[in-house]
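> with the input below, show me the fold.
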Amino acid sequence: SRVKWRRRNSYDQGIRVSAVTTDTLLDGRVTVRQPADGYRVAIDPVLLAAFVCAKAGDRVIDVGCGTGAAMFCLAARVPGVDVTGLEIQPDMAKLAGEGIALNKLAARARVMEGDLALLSDLVCAQPFDIAITNPPFVAAGTTPPDPIIATAHKESHLPLAAWIAKCLTLLRSGGRLVLIHRADRLSEVMAALRDGSCGDIRVLPVQPKSDAPAKRVLIDAGKGRKSPDTLLPALVLHTADGGFTAETQAVLRNMAMLNPGAG
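Numbering: from 1, shown residues only. This is a model prediction of the structure:
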């Protein structure tokens, strides 16, 4: 059956999570509403937003936006960018809608509740300049007991390659797909991007510490582009004593960009 797409940019009723908190990111510049337990915003969406090279007037879709952290961080850094969230879980879409109101983004943000696998004609007919996504990281297997975490973290009817392929259908020719994923699945991501005729792929490894292997990768790929790929110097998150490095602090507190040479 066809998905019923709904714009969500105001408060409504019916949330089923037991408790909700209001929290801030980017040193208080961004506000998020999120479940008190279970699914909580971590550093990944903040890094994802920092890796996006966008300008005022660009239309950006956040696929699997959750409570909206990545799209809100991007909107805070790039005044005038237009952001749309796509989220399959009603509770998360509702919280993202509340975040739009709290961040005063009603004029240039909205959230659609729906399944990426069942795209509406409306979305497909209006291609985006940029798609960003933090896909489920865990391949099919053991299911986490919390249903919200299970949906957010575990692949289901859309494995990684299919997720990427669907994201690419949302983009105009020459548009950018920006994602964050586990470093140990980099080869799968790259293969899916090649199958989707992407080029000009920029890869940023993210290491927990300077002497540790990368655990995450940030990837920015151009749809229909043929430029050579670029492996960027790694982002090191923590110093030896466990604190954030100066580069990471600049992202988390001062909205520094991680991908200035893109485009």
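> what residues sit buried inside stretch 33-50?
33-35, 38-39, 41, 43-50 (16 or more other C-beta atoms under 10 Å). Using the backbone N, CA and C atoms, a C-beta is placed for each residue, glycine as well.
> could you do stretch 72-81 as well?
72-78, 81.
> and those residues, which is closest to Trp163?
Nearest to Trp163, judged by C-beta to C-beta, of these is Leu74 at 19.7 Å.
> tell me the pLDDT at that closest one?
What the model reports as pLDDT for Leu74 is 98.
> I'd guess Leu258 is in a helix, am I close?
No - Leu258 is assigned coil when assessed by DSSP: H, G, I helix; E, B strand; the rest coil, not a helix.
> let me see the contact set for it.
47, 50-51, 204, 218, 235, 251 (C-beta atoms under 8 Å, 6 or more residues apart in numbering).
> show me the strands in this structure, by range?
Assigned by DSSP state E, the strands in the chain fall at 7-8, 20-25, 30-35, 59-63, 82-87, 109-113, 128-133, 171-182, 198-207, 216-223, 230-231, 235-236.
> where among the ones you listed is average confidence lowest?
Ranked on mean pLDDT, the bottom entry among those is strand 7-8, at a mean of 40.
> ok, Leu105 touching Thr84?
No - if you go by C-beta atoms under 8 Å, Leu105 and Thr84 don't touch, sitting 11.1 Å apart.
> before we move on, back to that, would you turn the strands of the chain into TSV with distance to Ala93?
Compiled in TSV, the strands of the chain are given as follows (distance: least, C-beta to C-beta, whole Å):
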stretch	distance to Ala93
strand 7-8	5
strand 20-25	14
strand 30-35	11
strand 59-63	12
strand 82-87	4
strand 109-113	4
strand 128-133	16
strand 171-182	20
strand 198-207	28
strand 216-223	25
strand 230-231	35
strand 235-236	30
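> in space, what's closest to the most centrally placed residue in the chain - neighbours in sequence excluded?
For the chain, the residue nearest the mean C-alpha position is Thr133 (3.5 Å; C-alpha atoms, centre = their mean). Sequence neighbours aside, Val63 is the residue nearest to Thr133 in space, at 4.1 Å (criterion: C-beta to C-beta, 6 or more residues apart in numbering).
> count of neighbours near the one you found?
A count of nearby residues for Val63, using other C-beta atoms under 10 Å, gives 23.
> check contacts around the nearest residue to Val251 once chain neighbours are set aside.
Closest residue to Val251 apart from its sequence neighbours, by C-beta to C-beta, 6+ apart: Ala50 at 4.7 Å. Counting by C-beta under 8 Å, 6+ apart, Ala50 makes contact with 73, 77, 251, 255-259.
> if we only consider these, which is nearest to Ser173?
Taking C-beta to C-beta as the measure, Ser173 lies nearest Asn259 of the contacts of Ala50, at 20.7 Å.
> burial of the closest one, as a residue count?
As a burial measure, Asn259 scores 18 neighbours (other C-beta under 10 Å).
> in contact with it, which residues?
Each residue near Asn259 by C-beta under 8 Å, 6+ apart is listed here: 50-53, 202, 204, 218, 220, 232.
> can you list these in JSON lines and add distance to Phe128?
Formatted as JSON lines, the contacts of Asn259 follow (distance: C-beta to C-beta, whole Å):
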{"residue": "Ala50", "distance to Phe128": "19"}
{"residue": "Phe51", "distance to Phe128": "16"}
{"residue": "Val52", "distance to Phe128": "12"}
{"residue": "Cys53", "distance to Phe128": "14"}
{"residue": "Arg202", "distance to Phe128": "19"}
{"residue": "Leu204", "distance to Phe128": "22"}
{"residue": "Leu218", "distance to Phe128": "19"}
{"residue": "Asp220", "distance to Phe128": "14"}
{"residue": "Leu232", "distance to Phe128": "24"}
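> so which two of the residues you listed are the farthest from each other?
Val52 and Leu232 (14.3 Å).
> more crowded one of those two?
More crowded of Val52 and Leu232, by other C-beta under 10 Å: Val52, with 27 against 17.
> against Thr133, how distant is the residue nearest to the more buried one when sequence neighbours are not counted?
Nearest non-adjacent residue to Val52, counting by C-beta to C-beta, 6+ apart: Val178, 5.1 Å away. Distance, Val178 to Thr133, by C-beta to C-beta, to the nearest Å: 8 Å.
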